[in-house]
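Novice: From the sequence below, what's the structure:
(one chain, ligands or ions: 1)
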Amino acid sequence: MIEIDSINKAYKNEGFETNVLKGISVSVDEGDYVSIIGPSGSGKSTLMTILGCLGQATSGTYLLGGEEVGKLKDYDLSRIRNEKIGFVFQAFHLLPGVSAFDNVMMPLIYCNKIPDDAQERVKQALIRVGLEHRMAHTPGQLSGGEQQSVAVARALINDPAVIFADEPTGNLDASSSDDLHNLFKKLQSEMGQTFLIV
Ligand code: ADP
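Specialist: Numbering: from 1, shown residues only. Reported below is the predicted structural model:
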């Protein structure tokens, strides 16, 4: 499903070039649960940015679901992100003052056409993460763990090929972190969902 081959990334700032990823090759199969582990500054976020089609490598190739995405233009990268990738971030990135239901609906609004069954899909996604009783709550009315579960439901809504999670437990206490890992594991075993987690 994911094939990157000999990826390099060079950042150029103020005449100084930093080479971060030096010839990285990774292959991820459907249903895999992969962790990217390493000390701060080792390039985890850079790798995640490239895999998540939020940025591009300086050289090397990237195939996502058989499609060469490494050289696509911005518009096509946005389409890939919307259709094939679900994101979960450390800081949740939910819209404040907007219900959990509407937050999960958001990626469907950015599709070419809002699906006829959009409302039902949002409901099912929230049930899947155990938040059927919190659909009308705004982020400010939810705990950190619940907010991250809303973000997971939002990541699931387009039935993505893969979910990328960048330090998703960074803002959670130990018990909520365990809950989130258990939720990821449940989604992997029940739905065959592929995960890549920093
Ligand atoms: P990690 O996520 O493992 O902490 P990063 O991918 O964020 O690592 O960063 C790896 C290295 O890449 C950093 O130490 C820094 O030297 C360089 N780097 C990251 N982002 C930039 C940037 N926007 N401009 C210049 N250098 C950067």
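
Novice: how about the helix or strand hosting residue 17: buried residues?
Specialist: Per DSSP states H and E: residue 17 is located in strand 16-28. Within strand 16-28, the residues scored as buried using 16 or more other CB atoms under 10 Å are 20, 21, 24, 28. For the C-beta atoms, the positions are set from N, CA and C on the backbone; glycine is no exception.

Novice: Export those residues as a markdown table, with columns for pLDDT and distance to the ligand.
Specialist: Listed next are the buried residues of strand 16-28 as a markdown table, based on pLDDT from 0 to 100; distance: CB to the nearest ligand atom, whole Å:
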| residue | pLDDT | distance to the ligand |
| --- | --- | --- |
| 20 | 93 | 4 |
| 21 | 93 | 8 |
| 24 | 94 | 12 |
| 28 | 96 | 18 |
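
Novice: ok, what's across the strand from the residue nearest the centre of the chain?
Specialist: Of all residues in the chain, the one closest to the mean position by CA atoms, centre = their mean is residue 87, 1.9 Å from it. Following DSSP bridges, residue 87 is listed with bridge partners residue 164.

Novice: Show the contacting residues for it.
Specialist: Residue 87 is in contact with 52, 81, 155, 163, 164, 165, 166, counting by CB atoms under 8 Å, 6 or more residues apart in numbering.

Novice: ok, it to residue 65 distance?
Specialist: In this structure, residue 87 and residue 65 are 17 Å apart, going by CB to CB, to the nearest Å.

Novice: and what of residue 89?
Specialist: Going from residue 89 to residue 65 by CB to CB gives 22 Å.

Novice: In terms of neighbours, single out the busier of those two.
Specialist: residue 89 (17 against 14; other CB atoms under 10 Å).

Novice: Surely that one touches residue 151?
Specialist: Yes. Applying CB atoms under 8 Å, one finds residue 89 in contact with residue 151, separated by 7.1 Å.

Novice: For the helix ranked longest in the chain, buried residues please.
Specialist: When the chain is parsed with DSSP state H, its longest helix is helix 174-191. If you call a residue buried by 16+ other CB under 10 Å, then helix 174-191 has these buried ones: 176, 177, 179, 180, 183, 184, 187, 188.

Novice: residue contacts, the fifth one?
Specialist: Applying CB under 8 Å, 6+ apart to residue 183 gives the contacts 129, 130, 149, 152.

Novice: ok, back up a step: which residues touch the strand holding residue 17?
Specialist: The contact list for strand 16-28 (CB under 8 Å, 6+ apart) reads 1-11, 34, 43, 46-47, 50, 57, 60, 162, 194, 196.

Novice: how does it look with 10 Å?
Specialist: 1-12, 34, 36, 41-47, 50-51, 57-64, 161-162, 194-196 (CB atoms under 10 Å, 6 or more residues apart in numbering).
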